[in-house]
Structures are given as C-alpha cells and as structure tokens.
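> What shape does this take:
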Amino acid sequence: MNRNRAREIIKYARSVKRKWGSNPLKIADKVGIRTVEFETGRRPSGYIIKSENYPVMIYLSDCHNDRERYVLCAHELGHFFLHSEAGLNNFNDKNVDTEYEANLFAVAFLCEDSQLNQPIVNLPGSVLKSILDYNLR
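Predicted coordinates:
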C-alpha cells in the first residue's frame, strides 16, 4: 500500500470522527445507513451491502456484545466511506487492499497514535487486523 494513501485514510478517518462523533453506530445512522443484527455463529461477524436504488445496510452478528459491534461497525464504515462501488462486501473476498484499507480506517478511527507503540501509518496489515480481532473476543 502506498504510504500517501495510508496517510490519507488515517486523516479521513479522523475527520469523520471530528465531524460525526466517536460512535460508529450513531455515525451509520446519521449518514443514512441502516444497521441490522442477524443470527449467526462467529462468522461472518459483519458485512455491508451497497446496492443501487436501495439503502446501504450494515449487518452485525448478534453473537457480539456492544463493544464488538462498535469495532465491527467502524470497519464497515471504512468500506462505506472508502469504497464507493456498489455490491456486497463479501466476507470471503480476498481483496487484500480493500480489507487493509477498512482495517486502517477502523484503527485510525478508534485509536490515537499515542495509544500504540508506533504511528498507525507504520503498522502492517496483520497488526491492524490483530488490533481489531483482539477487540472481538
């Protein structure tokens, strides 16, 4: 991933937080996204559906507590704000770039650099995913 793109995503995530507040579930509501809980096991944890002529929907598994849904919603908001293409954010999708970008958005939205041992822009994708996964236990 281009470091300039990573910096732009971090800056954008923090501007969303300043403009809309720090609760991803409330932000989803404010921007017209409907969040829905669904019955499932641990997978999928959450996903977003964007479809022409229909409202955007974020689905979050009912097996997660409030804090976990908060983290998942931040990740799905990353897809909403960064990836404009319509369609299903399929949890089996192997598009590493879009998942990295959504994870980067979520970590930048939820954390400050001062909370980590290095700047977020320096964190590899595996560490970003680990930070989010740790909060899904």
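> phi, psi of Lys30?
phi -60, psi -30 (degrees, to the nearest 10).
> Show me where this protein has its helices.
3-20, 24-30, 66-82, 96-110, 125-134 (DSSP state H).
> Can you list the buried residues in stretch 52-65?
56-61, 64 (16 or more other CB atoms under 10 Å). To be clear about C-beta, it is placed using only N, CA and C from the backbone, and glycine gets the same treatment.
> Also stretch 122-133?
So, applying 16+ other CB under 10 Å, buried residues of stretch 122-133: 123, 128-129, 131-132.
> want to throw the residues you listed into CSV with pLDDT and distance to Leu116?
Output for the buried residues of stretch 122-133, formatted as CSV (pLDDT from 0 to 100; distance: CB to CB, whole Å):
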residue, pLDDT, distance to Leu116
Leu123, 94, 7
Leu128, 95, 10
Lys129, 92, 14
Ile131, 93, 8
Leu132, 93, 13
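> which one of those sits closest to Ile49?
Distance to Ile49, by CB to CB, is smallest for Leu132 among those, at 20.3 Å.
> Give me the pLDDT for Tyr54.
The model reports Tyr54 with a pLDDT of 87.
> Same question for Leu88.
51.
> Sounds good, over and out.
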